[in-house]
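**Q** Sequence and predicted structure, then a few things I'm wondering about:
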Amino acid sequence: MLELRLVQGSLLKKVLEAIKELVNDANFDCSATGFSLQAMDSSHVALVALLLRSDGFEHYRCDRNISMGMNLNNVSKMLRCAGNDDIITIKADDGSDTVTFMFESPTQDRIADFEMKLMDIDSEHLGIPEAEYHAIVRMPSADFARICKDLASIGDTVVISVTKEGVKFSTRGDIGTANIVLRQNTSVDKPEEATVIEMNEPVSLTFALRYMNSFTRATPLSNTVTISLSSELPVVVEYKIAEMGYIRSGPHTEVLIVLLYCKN
Amino acid sequence: MLELRLVQGSLLKKVLEAIKELVNDANFDCSATGFSLQAMDSSHVALVALLLRSDGFEHYRCDRNISMGMNLNNVSKMLRCAGNDDIITIKADDGSDTVTFMFESPTQDRIADFEMKLMDIDSEHLGIPEAEYHAIVRMPSADFARICKDLASIGDTVVISVTKEGVKFSTRGDIGTANIVLRQNTSVDKPEEATVIEMNEPVSLTFALRYMNSFTRATPLSNTVTISLSSELPVVVEYKIAEMGYIRSGPHTEVLIVLLYCKN
Amino acid sequence: MLELRLVQGSLLKKVLEAIKELVNDANFDCSATGFSLQAMDSSHVALVALLLRSDGFEHYRCDRNISMGMNLNNVSKMLRCAGNDDIITIKADDGSDTVTFMFESPTQDRIADFEMKLMDIDSEHLGIPEAEYHAIVRMPSADFARICKDLASIGDTVVISVTKEGVKFSTRGDIGTANIVLRQNTSVDKPEEATVIEMNEPVSLTFALRYMNSFTRATPLSNTVTISLSSELPVVVEYKIAEMGYIRSGPHTEVLIVLLYCKN
């Protein structure tokens, strides 16, 4: 039996909005660690990895590991029916081929339940290598989203170059060229407004803006984004959330990680 | 001669927005009682009944009963030209085949008049029976609108069931099933936030969500909606307005009623 | 060498949004006086004349007169990448066939540059006659925009008539007729809310609402619009800006004029 109660239900809504463009069908895996998903987009260029740690749930019961295949568009349709303040409970009986999402309004006057058939989905489990990256850029997620959107109006690909001067995003299209340079900036009022560049060696990599713009759909999940770059590895675009409304305490500061992974 | 002066002109704008989706052409009937409309939608499933009592007008002159046929889409186009604070006057001369809508800005610096040709429309007058209903649900109109919108993303029809536990809205579609349960709730800060259920006997009826969603276009007119259900009668979805900006006093507390009436 | 630094970069964004619908390609002319543009729309009915006086720039260096042909849609795409608080610098080297737009964020942490190829555009220079007009109406630009939008839902042309009573905007369409009358009104809280009518002789002229609605795209540039009417001359619709963020002083109170000019 599975029963996961998430006080900050709006988080799950945002997660689905973030990933449903990239992935159509995927298995949600439930274990003692947490509620997770790993899936490639249909063109096998990007990998979405998501983990909501069990710590982040008010109540987390998962008697045995279970993998539940769902169409993310349908899950998103159901979650859109949840109010932003609703408590969401995910329930599944052992051996059942359905999953139930239950939404409770804060005052308990409105209780909604949505039952959905599960699907069988073949999934290849791709490990994301623990690796040393040439450069890691942490910046406000809204700034990264704005840059990707702006450059997409000029060209199709972005070159991300990290030097000791800063990080440069460049594109080229029919109407001209564009370069946006951000300098390291840590003297800000709030830590999430900082742009922090850790560089082991200079790196310059090219990516499709279409994918970067899909990734930025996760912007509402976190104030900051971390971009890890290496010439030998896919880029990792990471949105971490430190708070899920109900955190019991524990060794992890982040309870949700959305990791987007794109081949160069 | 007809001359009706409505201080709260935005009300007439909202009324037209509410009903123009359901009804294309209709007769506005003017008598000593008030300004009214009764019309069926083109598929003869829903009935719209509207009454703006004469009490609600600052000035109400209607020398003899008159029926004015109008295309509601055209009326809506003209009313969209009125500012939200404008005073609206409806004028028609005896025997004339036109009606004039006059909009005055509160400071009188801007006066607009729109003249429109009247149409001949055959209208069957359908009485709405004064009847005993099995159950009457009064709830915040925004909640009802949200439920109808949410369920329409899952299925095509809604089953509304009233029991002593509360009112349940259910649907079923390709992606699964959904149930939303509201309990009676009268311990709220403002009376219009209450959900009040009057039940004589349990009732469970099925309606097309398409119509329910058309009805909810009247949501801006009133904070509450009243749904009257009986297994032998069409459902009545009622939006009442107690204030029209200028009320002289009188026996009626409501001066505007939009009544939507849908066969099961 | 050309280098123009504009502290209030959002102004340039608004200018492009205002004129890019009317004119596809145009020459920006740069001289000691300022940064200007004069172009006809493709159907040769409307003339756009724009002048940003050199006074309005923080830094204005223009070694010799230069005419730079640009596709306004492409310029607009680039300017949309500038933040609303960004400082914009326009740069061109002598003899170069490119222009560079540079955007600096207020804190200098983000610097973007966009390079665009220039085009060769034949331009006829049309003088706008200094003339005596029958009537000049100055009114809030938002009111003028609202009137043009409202009337366009009824008819295709507007008759603007000025008499000593006020200014009347009229249209006629399939669904009826509409008249909007504004009276002179100078007893307002803020001078930009006034409607001021200077009339030498009554005038009544007809214009295509499509053009008037294109002109009103300049509304965000100025709180007031001035409409100059004469039966022998094209109408002049003028949006003036007194402030560009950085004004050194000088004989002119307006530093930006967008002038729209429409044949009757």
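**A** Received it, and whenever you're ready, just let me know what you need. The structure displayed is predicted, hence computed values, not measured ones.
**Q** Do a quick rundown of the helices in the stretch 51-200 of chain A.
**A** For the stretch 51-200 of chain A, the helices defined by DSSP state H, counting those that start in this stretch cover A:72-79, A:141-152.
**Q** Now that we have those, can you turn them into CSV and tack on distance to chain B?
**A** C-betas here are computed from N, CA, C, even on glycine. Converted to CSV, the helices of the stretch 51-200 of chain A look like this (distance: least, Cβ to the nearest Cβ, whole Å):
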stretch, distance to chain B
helix A:72-79, 4
helix A:141-152, 27
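**Q** Out of these, flag the one nearest A:Leu2.
**A** Nearest of the helices of the stretch 51-200 of chain A to A:Leu2, taken as Cβ to Cβ: helix A:72-79 at 15.1 Å.
**Q** Flag every residue of the stretch 1-150 of chain A that's near chain B.
**A** A:71, A:74, A:77-78, A:80-81, A:98, A:107-117 (Cβ under 8 Å from any Cβ of the partner chain).
**Q** beta partners of A:Arg61?
**A** A:Glu3 (DSSP bridges).
**Q** So for it, what's the pLDDT?
**A** We have a pLDDT of 95 for A:Arg61.
**Q** That one is in contact with A:Ala32, isn't it?
**A** No - in this structure, A:Arg61 is not within contact of A:Ala32 by Cβ atoms under 8 Å, at 10.3 Å.
**Q** Looking at the two, which one has more neighbours?
**A** A:Arg61 (13 against 10; other Cβ atoms under 10 Å in any protein chain shown).
**Q** circling back to that earlier point, what about the residues of the stretch 1-150 of chain A next to chain B, which are in strands?
**A** A:71, A:98, A:110-117 (DSSP state E).
**Q** Specify which member of the residues you listed is nearest to C:Arg146.
**A** Nearest to C:Arg146 among those, with distances taken as Cβ to Cβ, is A:Arg110, at 40.2 Å.
**Q** So what's the residue count around the residue nearest to that closest one when sequence neighbours are not counted?
**A** Residue nearest to A:Arg110 in three dimensions, not counting chain neighbours: B:Leu182, with 5.5 Å by Cβ to Cβ, 6 or more residues apart in numbering or on different chains. Residues near B:Leu182, counting by other Cβ under 10 Å, number 23.
**Q** Let me see the contact set for B:Leu182.
**A** Neighbour list for B:Leu182: A:109-110, B:139, B:143, B:166-169, B:195 [criterion: Cβ atoms under 8 Å, 6 or more residues apart in numbering or on different chains].
**Q** Compute the distance between it and B:Ile111, please.
**A** 47 Å (Cβ to Cβ, to the nearest Å).
**Q** Looking at the helices of the stretch 51-200 of chain A, which is nearest to A:Leu229?
**A** Using Cβ to Cβ, the helices of the stretch 51-200 of chain A put helix A:141-152 closest to A:Leu229, at 13.0 Å.
**Q** Quick one: distance of that closest one to the chain centre.
**A** Centroid separation for helix A:141-152 versus its chain: 16 Å, with Cα atoms, centre = their mean, to the nearest Å.
**Q** what's the average pLDDT for it?
**A** Averaged across helix A:141-152, the pLDDT comes to 96.
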